[in-house]
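give me coordinates for this.
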Amino acid sequence: LGRAARGPRVVLLGKPASGKGTIAPMVSCAYRLAQVGLGGLLRSRLRADAEDDDDVARAMLLGRLVSDKIASKLVSERLSRPDAAAGGWLLDGFPRTPGQARAMASGGPAMLPDAVVVLDRPDDLAVDFCLGRCEDSATGDVYHPRYAPPPPDVESRLVWRTDDTEDVFRGRLATHARDIDAVLDVFEAAGRPVIRVDNARSELEAFDEICDFLDEIENAKRGPATRAARKEARISAFAAPAIYAEAQARVSGAFTKPRP
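Numbers count the residues shown, from 1 in each chain. Modelled structure (predicted):
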């Protein structure tokens with residue numbers, strides 16, 4: 001595919017339990033982007049018997065972040081693969097620290113996003129979601145019995161995080177609050193547009209606002225016809241039809257105005 005076929009490169013950030021796990025697949029499917037999350041990369045790394053496995057396993061068992069060096073290396077390797085390099089990508093929850101953000105900014109044009117989206121919701125609502133959430137042990141998908149009930153076929157695979165207590169979670173919220181402005185400063189200094197999106201409402205409304213933001217950036221950068229041309233070019237090469245169909249069903253009727 002030629003350069004004109006590339007979709008946007010998006011960094012999706014937000015405090016823990018801000019809705020990234022729901023918004024990320026919606027945006028990545030709508031724009032045919034490679035969705036990349038550090039958690040999935042870490043699980044793949046553990047299965048691959050790589051040299052840094054001991055450090056990764058130790059950090060995950062203790063509920064700590066892996067080092068910026070390991071995290072940045074994993075992300076850089078993933079973004080260099082053809083689907084991401086040629087088609088665009090969405091980084092789900094990365095970078096988390098100023099060091100990781102600086103590593104992206106110094107990694108060359110291929111590592112810099114076209115846009116940064118920050119999801120926000122009140123801490124108390126995030127805590128309410130966190131304390132009931134569970135995870136599919138096979139895919140890493142996150143569910144909640146009230147806000148995002150799991151489908152019946154995954155119930156046997158669900159696990160609950162042992163560190164999801166209110167005190168621990170509020171500590172993670174404090175860490176995010178401490179670091180997020182410094183992370184955004186790195187991207188703003190590099191001239192990357194940033195939007196903060198209220199996600200204490202329907203996630204379909206938040207999704208629509210994000211799409212408006214990305215459309216405006218793409219139209220300014222590549223011209224209004226690019227999205228339609230890229231969509232046709234990528235549908236056979238990189239799209240996952242079943243996943244996209246599922247996303248279309250979830251967001252059916254969400255658009256407030258037509259999109260190409």
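
chain neighbours aside, what residue packs nearest to Asp68?
The shortest distance from Asp68 to any non-neighbouring residue, by Cβ to Cβ, 6 or more residues apart in numbering, is to Gly99 (3.9 Å). Any C-beta I mention is one placed from the backbone N, CA and C, and that applies to glycine too.

identify all contacting residues around stretch 195-209.
14, 18-19, 22-23, 26-27, 30, 115-122, 125, 210, 213, 251, 254-256 (Cβ atoms under 8 Å, 6 or more residues apart in numbering).

only the buried subset of those residues, as a PyMOL command please.
The PyMOL command for the buried members of the contacts of stretch 195-209 (criterion: 16 or more other Cβ atoms under 10 Å) is given here:
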select buried, resi 14+18+19+22+23+26+27+30+115+116+117+118+119+120+121+210+213+251+254
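
out of the contacts of stretch 195-209, which sit inside helices?
Under the assignment DSSP state H, the contacts of stretch 195-209 contribute 22-23, 26-27, 30, 125, 210, 213 to helices.

and those, which two are the farthest apart?
Pairwise distances across the ones in helices among the contacts of stretch 195-209 peak at 24.9 Å for Ala30 and Leu125 (criterion: Cβ to Cβ).

would you mind measuring from Met26 to Gly223?
To Gly223, Met26 is 25 Å away according to Cβ to Cβ, to the nearest Å.

Val186 touches Pro98, doesn't it?
Yes - between Val186 and Pro98 there is a contact under Cβ atoms under 8 Å: 6.5 Å.

so which of the two has more stuff around it?
A direct count of neighbours by other Cβ atoms under 10 Å for Val186 and Pro98 places Val186 higher, at 21 against 18.

tell me which element the more buried one falls in.
helix 166-189 (DSSP states H and E).

partner strands of the following helix or strand past that helix and their direction?
Where DSSP H and E defines the elements, the next helix or strand beyond helix 166-189 is strand 194-198. Here strand 194-198 is paired, per DSSP bridges, with strand 115-120 (parallel).

which SS class is the residue nearest to Pro149 when sequence neighbours are not counted?
If the residues on either side of it in the chain are set aside, Pro149 comes closest to Tyr143, at 6.5 Å by Cβ to Cβ, 6+ apart. Taken by DSSP: H, G, I helix; E, B strand; the rest coil, the conformation at Tyr143 corresponds to strand.

how about Tyr143, what does it touch?
Per Cβ under 8 Å, 6+ apart, neighbours of Tyr143: 133-136, 149-150, 154, 158.

which of the residues you listed sits closest to Leu91?
Glu135 (19.5 Å).

torsion angles phi and psi at that closest one?
Dihedral pair for Glu135: phi -130, psi 140, per degrees, to the nearest 10.

just list whatever residues bridge to it.
Val142, Val159.

wait, isn't it in contact with Arg161?
Yes - look at Glu135 against Arg161 with Cβ under 8 Å: they come within range, at 6.9 Å.

these two: which is more packed in?
Each of Glu135 and Arg161 has its neighbours counted (other Cβ under 10 Å); Glu135 has more, 20 against 14.
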